[in-house]
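Peer 1: need the 3D shape of this:
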Amino acid sequence: MFGSTRNPWNLSLNSGGSSGGSAAAVAARIVPMAYASDGGGSIRLPTSYCGIFGFKLSRGLNRFEDLSKAWGGAVVSHACTISVRDSAAYLDWVAGHSDPASTSYLHAASQPPKRLKIALINQAPVETLIHRDCLSAAAKAAKHCAALGHIVEEAAWNFDGHELMRAFLTVIFYYTARDVANMAQLLELAEPQLALELNTRLMAGVGKGVSDEQLQQALAVWQRIAARLADFHNRYDVVLTPTVATPPLASDALDPNVLERWLMCGLLASGLADKIFCNSLLDAIISKAVQQTPFTPLANITGQPAMSVPLYWSDDGLPHGAQFMAAIGNDRLLFQLAAQLEQSEPWKHRMPPLCHQ
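Peer 2: Numbers count the residues shown, from 1 in each chain. Model (predicted):
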């Protein structure tokens, strides 16, 4: 509504999204924490770009959520915070824990983790170029973990990344079409009258071509990949990756170019958008769809907890997060590791230049 949300560390760049406003407000010290949601990395991406702590909780932990309403259960709600403590305390509240008993997440964050076996994976599930600063963020996190006594080994994914992303995009297309139709009904408008971005309008149009059977097939892939990751976690407590694949981008970096806009408008005007859904279309858009976030959607698909930890700032003064992911339900373990890393490499004193003006 008010234009691009700029990055507090460099106002010529974007804060990422979709919870970029929350992350920017916390990073700029306007508020100590802010509500955020994550359907494919939308907490972890902006917190990585803004140099704060971002936690994506296990599916089903937030007792205020109706999982049927957002992307087949991919979306979870939590908060962007400066400290690990605040994030854990917020999860205690939304999960229904009201005391400092040993079961609370806040209590877990005060305890050191056991010696962990950590898999370092620098290759994205699909062929995506990873910026050197993002790789450096993961490498620094790995060194910190090793110095704390954890075992860090390089590893590789145990599933087909293209199958993963086709299934993920199929679900997003389907639910975007449903949500846009519901919005139009709620506002008593025809869908073309809705004030939507062109990308969203086309996604809704294409999503009308996704059948219920195709949706169920995609969700079955989600379950299959979740089972593969559960096997992976029999060998490793935690997976460590870069949070994102790029540094913060300019606000228009992902906008469709002139040709893309012309094709999108033509498809919408012709009424043929719902006829083009197929694997070839999905394969064609995967590379752009995950240009920033090839690592983060996995935890949304499987329901696992994941977090972006701000441990690395590049020479140009920009933050780059490292992502840690644990088996579903192991949120406490991630909070323990995050608090341990926060103690060994504190970040709360790192504030954007505008905070000192």
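Peer 1: so where is this protein shaky, pLDDT-wise?
Peer 2: The chain contains residues with pLDDT under 70 at 67-69, 97-102.
Peer 1: all strands of it, in order?
Peer 2: Per DSSP state E, the chain carries strands over the ranges 6-7, 10-14, 33-38, 53-56, 76-81, 117-120, 151-154, 238-242, 306-313, 319-326.
Peer 1: among those, which comes closest to residue 107?
Peer 2: Of all the strands of the chain, strand 53-56 sits nearest to residue 107, with 16.0 Å by CB to CB. Where C-beta positions appear, they are placed from N, C-alpha and C, glycine not excepted.
Peer 1: using PDB, write out every CA atom in the closest one.
Peer 2: Taking Å, rounded to 0.1, in the frame of the first residue of the first chain, the C-alpha atoms of strand 53-56 are listed here in PDB:
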ATOM      1  CA  PHE A  53      16.400 -14.000  14.500                       C
ATOM      2  CA  GLY A  54      13.700 -15.800  12.500                       C
ATOM      3  CA  PHE A  55      12.000 -19.000  13.700                       C
ATOM      4  CA  LYS A  56       9.600 -21.200  11.700                       C
END
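Peer 1: can you list the residues that contact it?
Peer 2: Contacting residues not belonging to strand 53-56 are listed as 23, 36, 38, 41, 43-44, 46-48, 76, 78-84, 87, 91, 296, 299-300, 305-310, 321, 331, 334-335, 338, 342, 347 [CB atoms under 8 Å, 6 or more residues apart in numbering].
Peer 1: equivalent analysis for stretch 258-268, please.
Peer 2: Here stretch 258-268 makes contact (CB under 8 Å, 6+ apart) with 198-199, 201-202, 205, 256, 273, 276.
Peer 1: let's have these in a markdown table, adding distance to residue 171 and neighbour count.
Peer 2: Below are the contacts of stretch 258-268 laid out as a markdown table (distance: CB to CB, whole Å; neighbours: other CB atoms under 10 Å):
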| residue | distance to residue 171 | neighbour count |
| --- | --- | --- |
| 198 | 21 | 14 |
| 199 | 17 | 15 |
| 201 | 19 | 21 |
| 202 | 17 | 23 |
| 205 | 16 | 24 |
| 256 | 22 | 16 |
| 273 | 18 | 22 |
| 276 | 17 | 13 |
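Peer 1: with respect to residue 235, which of those is nearest?
Peer 2: So of the contacts of stretch 258-268, ranked by how close each gets to residue 235 (CB to CB), first place is residue 199, at 39.0 Å.
Peer 1: spatially, what comes nearest to that closest one if we skip its sequence neighbours?
Peer 2: residue 256 (6.9 Å; CB to CB, 6 or more residues apart in numbering).
Peer 1: can you tell me how far that neighbour sits from residue 272?
Peer 2: Between residue 256 and residue 272 the computed distance is 18 Å (CB to CB, to the nearest Å).
Peer 1: do the same with residue 1
Peer 2: 31 Å.
Peer 1: what do you get for residue 212?
Peer 2: For residue 212 relative to residue 272 (CB to CB), the value is 21 Å.
Peer 1: of those two, who's got more company?
Peer 2: More crowded of residue 212 and residue 272, by other CB atoms under 10 Å: residue 272, with 13 against 8.
Peer 1: right, and residue 291 touches residue 245 too?
Peer 2: Yes. With contact defined as CB atoms under 8 Å, residue 291 and residue 245 form a contacting pair (6.8 Å).
Peer 1: and the contacts of stretch 258-268 as JSON lines, adding distance to residue 236?
Peer 2: Formatted as JSON lines, these follow (distance: CB to CB, whole Å):
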{"residue": "198", "distance to residue 236": "41"}
{"residue": "199", "distance to residue 236": "36"}
{"residue": "201", "distance to residue 236": "42"}
{"residue": "202", "distance to residue 236": "39"}
{"residue": "205", "distance to residue 236": "41"}
{"residue": "256", "distance to residue 236": "39"}
{"residue": "273", "distance to residue 236": "42"}
{"residue": "276", "distance to residue 236": "40"}
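Peer 1: quick one: buried residues of stretch 301-315?
Peer 2: For stretch 301-315, a neighbour-count test (16 or more other CB atoms under 10 Å) marks 301-313 as buried.
Peer 1: cool, and stretch 85-97?
Peer 2: Residues 85-92, 94-95, 97 are the ones in stretch 85-97 that count as buried (16+ other CB under 10 Å).
Peer 1: same check, this time on stretch 132-141
Peer 2: Buried residues in stretch 132-141, counted by 16+ other CB under 10 Å: 133-134, 137-141.
Peer 1: before we move on, back to that, quick check: neighbours shared by residue 291 and residue 245?
Peer 2: Common contacts of residue 291 and residue 245 (CB under 8 Å, 6+ apart): residue 128.
Peer 1: what about those two, which has more around it?
Peer 2: For the pair residue 291 and residue 245, the greater number of neighbours falls to residue 245 (20 against 16), based on other CB under 10 Å.
Peer 1: got phi/psi on that one?
Peer 2: Phi and psi for residue 245, reported as degrees, to the nearest 10, are phi -100, psi -10.
Peer 1: do the one 10 residues further on as well
Peer 2: Residue 255 has phi and psi values of phi -70, psi 150 when expressed as degrees, to the nearest 10.
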